[in-house]
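1. Take this sequence and fold it.
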Amino acid sequence: MSNEYTLRIDDSRESMEAKISEVMRRVPHVSGISNEGGDRFLETRGTTNDFLHSLKEHTLLFVDYRSTNTDRVQQQAKQNKVSYYRNIKELLGETTAEYTQELRRISLSARKEVILHAEATPQLIQALEKNSQYFENTGVSFKGIPVLSTK
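-> Sure thing, here's the model as predicted:
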């Protein structure tokens, strides 16, 4: 789904930075960005460098939603000093109880912080609120990351 914030292959570095700045202005607590539908966007070395430079300028981390061909982008992120994460598992659930079960399972294998890449449904929010004491006791914190579309 494209919108005015969609990053495109033909965007200049300045255009990317302007779009990312606007997202950050509208959602001030953004800590990172994930791609959706950005395989072609991230296959272009110059575009990837411009994108990662823009993230560095805003001190944002990047969660790569793709499951293949991630090594080069990960290397470029390292060169640009951008924190890079691969989206390893999607958060599955529809009800508060299903989200609770999934979040507790994830927290058992987490070290300290878990970055959620999931739609903030009322059920997910309820599961996080309902289990906040449990997560506090286990020392695990959950952070959300918005999806910025790339084409």
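2. What ranges does the protein have for its helices?
-> Secondary structure of the chain (DSSP state H): helices at 13-26, 39-43, 45-57, 71-79, 96-109, 122-130, 132-138.
3. What is the shortest one packed up against?
-> So that's helix 39-43. In terms of contacts (3 or more Cβ pairs under 8 Å, 6 or more residues apart in numbering; DSSP states H and E), helix 39-43 is packed against helix 45-57. Just so you know, the C-beta spots here come from the backbone N, C-alpha and C atoms, and that holds for glycine as well.
4. Please identify the buried residues of the helix it packs on?
-> Neighbour counts over helix 45-57 (16 or more other Cβ atoms under 10 Å) mark T47, T48, D50, F51, L52, H53, S54, L55 as buried.
5. Please name the residues that touch the fourth one.
-> So the one you mean is F51. By Cβ atoms under 8 Å, 6 or more residues apart in numbering, the contact set of F51 is L7, M16, F41, L42, T150.
6. Now neighbour count and pLDDT too, for those residues, in a markdown table please.
-> Putting the contacts of F51 into a markdown table (neighbours: other Cβ atoms under 10 Å; pLDDT from 0 to 100) gives the following:
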| residue | neighbour count | pLDDT |
| --- | --- | --- |
| L7 | 21 | 86 |
| M16 | 22 | 90 |
| F41 | 19 | 82 |
| L42 | 23 | 86 |
| T150 | 24 | 55 |
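7. Now distance to T121 too, for these, in CSV please.
-> Formatted as CSV, the contacts of F51 follow (distance: Cβ to Cβ, whole Å):
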residue, distance to T121
L7, 25
M16, 29
F41, 27
L42, 27
T150, 23
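8. taking the helices of the chain together, which one is wrapped up most tightly?
-> Mean neighbour count (mean count of other Cβ atoms under 10 Å) peaks for helix 45-57 among the helices of the chain, with a mean of 18.
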